[in-house]
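> structure here, sequence nowhere to be found:
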């Protein structure tokens, strides 16, 4: 199964904005219950989309600059970046099928 790598304010540009492949970033926090519910779904999707989409996660408590720059006001937020720009933003815990449909629509 694919693992979801952490991304930080310091590595965001290199890992996300300069990526040649699509990147899905899960913005979360340890105190967020919906984030905890979403985590296993994102992990499953990371395995299913391995080789097509890179999955990263950002703890917003440890990294506040990137979420602020992106205007994230609610978590969990999933943002799919394609060609260095946000292609799809999903706010809130969503079922796996709904996230997969959104990914497929952009890919």
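Sure, I can see it. In this text, all values refer to a predicted model and were calculated from it rather than measured experimentally. Residues are numbered from 1 along each chain as shown.
> alpha carbons only for contacts and neighbour counts from here, please
Will do.
> what is residue 57 paired to in the beta sheet?
Applying DSSP bridges to residue 57 yields these beta-bridge partners: residue 6, residue 26.
> tell me if I'm right that it and residue 28 touch.
Yes. Using CA atoms under 8 Å, residue 57 is in contact with residue 28, at 7.4 Å.
> between these two, which has more neighbouring residues?
Using other CA atoms under 10 Å, the more surrounded residue of residue 57 and residue 28 is residue 28, with 23 against 19.
> which ones are touching that one?
Residue 28 makes contacts with 35, 57, 58, 59, 60, 75, 76, 77, as judged by CA atoms under 8 Å, 6 or more residues apart in numbering.
> make CSV from those and add pLDDT and distance to residue 5 to it.
Formatted as CSV, these follow (pLDDT from 0 to 100; distance: CA to CA, whole Å):
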residue, pLDDT, distance to residue 5
35, 98, 16
57, 98, 6
58, 98, 9
59, 98, 11
60, 98, 15
75, 98, 18
76, 98, 17
77, 98, 16
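> which ones among those residues lie within strands?
Mapping the contacts of residue 28 onto strands (DSSP state E) picks out 57, 58, 59, 77.
> what subset of the residues you listed is buried?
For these, a burial check counting by 16 or more other CA atoms under 10 Å picks out 57, 58, 59, 77.
> now the closest residue to residue 62 other than its chain neighbours: phi and psi?
Counting by CA to CA, 6 or more residues apart in numbering, the nearest residue to residue 62 once its immediate chain neighbours are dropped is residue 8, at 8.0 Å. Main-chain torsions, residue 8, degrees, to the nearest 10: phi -120, psi 170.
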